[in-house]
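**Student:** The following comprises the amino acid sequence and a computationally predicted model.
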Amino acid sequence: MKLTTAGESHGKCLVAIIEGLPSDLDIDIGAINARLALRQRGYGRGGRQKIESDKVEILSGVRNKRTLGSPLALAVVNADYANWEKYMSPEGCDTSAKKVTAVRPGHADLTGVVKFNQTDARNILERASARETAVRTAAGAVFSQYLSALGIEISGYVRCVCGISDETFHAFSELDGAKSHPLFMLDSQKEQEAIALIDKLRREGDTAGGVIEVRVHGLKSGFGSCMTYSQKLDARLCAAVMSVQAIKGVEIGLGFAAANLKGSLVHDEIFPAEGGGYTRKTNNAGGIEGGMSNGEDIVIRAVMKPIPTLMKGLATVDISTGEPSRSAGERSDVCAICAAEIVTESAVAEVIAQAVAERLGGDSMDEVIKRYGELRQ
Ligand code: EPS
């Protein structure tokens, strides 16, 4: 199962192609659009989200709301293209008007112009922008629907915004409730503090990042492999999550906290389960041992850096003159941690769906469901 995306932030549209989906997967277009709406939400978003009202269009691979087994092509149109056509049109446009030369520290701008031999960072940022995550979210919703058919669910919440951190444990069943909170935080007190901080940062022209936690519930053991490192499920998850714009750190289970604890406090002891099989009383491994799912919830945490477009700017160099300058944004999100949470769920769904498809194969959903049902827990 393979996902490819294309599209520029202010281009005509964003597109995704998914290859390798089995036939007869029910596609709920309303549920895809609900995910797109969630990605646009969250306290601290900027002006662009007032322009867009993202909706998916399915171009191929689905007939009468069911997959055909052919490549699925998805599109999310950029409403803002109407304002940008004269600067972005592939058929010919004015490339001088929206030039970006005061490159933003922390964005792809400077390294991109050097690597791709450009004089205008717009030619870089249009693709590097997190706008691309809209279509990745649409694709992620399709992967989630495939996993849901097997009883595998993915959810998550925001643990921390710019140092304001919720350290309490929340059961998987509580996580979906986060989506009705303005910052996807489950601790309302912390959330109010974070909202006040975002308001302050907006006034100061600054930005904030945070920590997201995503969990996979209901995945049986044995997905991924200890035999080849490219197949290790934790490695694949970390790579996919790290590929989400602005993510700078990823951990599984206890993650970095394991460095401070002795082994007897880290490893999840194994006991016989009632009625046969095995059980663990803790899940410090975050559901993955030896690069394979072990049947417990998979727990992934990711750090989002603060968005690099600061309204107050940062010291930089203007690449057209070589002189010191100030990076500036016409508009920016103060905090897009909620969007990052939804996109991280999408990235996780992609990897888990791929691992399931690789192990089980199956041309139709009937085959996939039967094979999954035959596996031990
Ligand atoms: C985004 C759209 C962008 C940014 C943001 C994500 O809109 P625009 O650049 O037109 O204001 O709000 O992109 C970035 C944070 C970034 O660094 O590029 C979206 O739809 O999520």
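**Tutor:** Yep, it's here.

**Student:** where along the stretch 201-350 of the chain do the strands fall?
**Tutor:** Along the stretch 201-350 of the chain, counting by DSSP state E, counting those that start in this stretch, strands occupy 210-217, 247-252, 270-272, 278-280, 288-289, 292-293, 298-304, 315-317, 324-326.

**Student:** Got the confidence number for the residue in the stretch 101-250 of the chain positioned nearest to the ligand?
**Tutor:** For the stretch 101-250 of the chain and the ligand, the shortest gap (Cβ to the nearest ligand atom) falls at residue 129, measuring 3.4 Å. Heads up, the C-betas are built off the backbone N, CA and C, glycines and all. For residue 129, the pLDDT comes out at 96.

**Student:** what does residue 376 give?
**Tutor:** Reported pLDDT for residue 376: 83.

**Student:** That one: what secondary structure?
**Tutor:** Look at residue 376: counting by DSSP: H, G, I helix; E, B strand; the rest coil, its state is coil.

**Student:** thinking it is in contact with residue 276, fair?
**Tutor:** No - Residue 376 lies out of contact with residue 276 (Cβ atoms under 8 Å); the separation is 10.1 Å.

**Student:** This structure against the ligand: which residues are in contact?
**Tutor:** 9, 46, 48, 107, 129-131, 133-134, 307, 309, 331, 333, 336, 339 (Cβ under 6 Å from any ligand atom).

**Student:** Using ChimeraX, define a selection of the buried residues within the residues you listed.
**Tutor:** The following ChimeraX line selects those of the residues of the chain next to the ligand that are buried, judged by 16 or more other Cβ atoms under 10 Å:
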select :9,46,48,107,129,130,131,133,134,307,309,333,336,339
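
**Student:** Of the residues of the chain next to the ligand, which is the nearest to residue 245?
**Tutor:** The closest of the residues of the chain next to the ligand to residue 245 turns out to be residue 130 (Cβ to Cβ; 4.0 Å).

**Student:** Please name the nearest non-neighbouring residue to the closest one.
**Tutor:** Residue nearest to residue 130 in three dimensions, not counting chain neighbours: residue 245, with 4.0 Å by Cβ to Cβ, 6 or more residues apart in numbering.

**Student:** follow-up on the earlier one: farthest pair within the residues of the chain next to the ligand?
**Tutor:** 107 and 134 (18.3 Å).

**Student:** Quick check, residue 79 in contact with residue 51.
**Tutor:** Yes - shown here, residue 79 and residue 51 form a contact pair, counting by Cβ under 8 Å, at 5.5 Å.

**Student:** quick one: which of the two has more around it?
**Tutor:** A count of neighbours by other Cβ atoms under 10 Å puts residue 79 above the other of residue 79 and residue 51, at 14 against 11.

**Student:** can you tell me which helix or strand that one belongs to?
**Tutor:** Secondary structure assignment for residue 79, by DSSP states H and E: no helix or strand.

**Student:** Now do the contacts for the residue nearest to residue 176 when sequence neighbours are not counted.
**Tutor:** In this structure, residue 176 finds its nearest non-sequential neighbour in residue 155, 5.3 Å apart by Cβ to Cβ, 6+ apart. Residue 155 makes contact with 172, 175, 176, 178, 214, 215, 217, 345 under the criterion Cβ atoms under 8 Å, 6 or more residues apart in numbering.

**Student:** Drop anything exposed from the residues you listed.
**Tutor:** Here, 16+ other Cβ under 10 Å leaves 172, 175, 178, 214, 215, 217, 345 buried among those.

**Student:** So which bits of the longest helix along the chain are buried?
**Tutor:** Ranked by residue count, the top helix of the chain under DSSP state H comes out as helix 337-360. For helix 337-360, the neighbour count (16+ other Cβ under 10 Å) marks 337-357, 359-360 as buried.

**Student:** Would you confirm that residue 39 contacts residue 345?
**Tutor:** No - look at residue 39 against residue 345 with Cβ under 8 Å: they stay out of range, at 9.7 Å.

**Student:** Which stretches in the stretch 101-250 of the chain count as helices?
**Tutor:** 109-115, 122-128, 133-148, 172-175, 188-204, 233-242 (DSSP state H, counting those that start in this stretch).

**Student:** And the contacts of the longest one?
**Tutor:** Pointing back at helix 188-204 there. For helix 188-204, the surrounding residues in contact (Cβ under 8 Å, 6+ apart) are 43-44, 161-162, 164-166, 181-183, 185, 207-208, 210, 312, 334-335.

**Student:** number of nearby residues for the nearest residue to residue 23 once chain neighbours are set aside?
**Tutor:** Leaving aside its chain neighbours, residue 23 sits nearest to residue 69 (3.7 Å; criterion: Cβ to Cβ, 6+ apart). Other residues within reach of residue 69, judged by other Cβ under 10 Å, total 16.

**Student:** tell me the pLDDT at residue 69?
**Tutor:** pLDDT recorded at residue 69 is 98.

**Student:** what sits against it?
**Tutor:** Taking Cβ under 8 Å, 6+ apart as the test, what residue 69 contacts is 21, 22, 23, 363, 364.

**Student:** In TSV, list these along with pLDDT, neighbour count and distance to residue 57.
**Tutor:** Shown next, in TSV, are these (pLDDT from 0 to 100; neighbours: other Cβ atoms under 10 Å; distance: Cβ to Cβ, whole Å):
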residue	pLDDT	neighbour count	distance to residue 57
21	98	26	17
22	98	22	22
23	98	17	21
363	98	11	26
364	98	14	25
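
**Student:** Right, I'll call it a day here.
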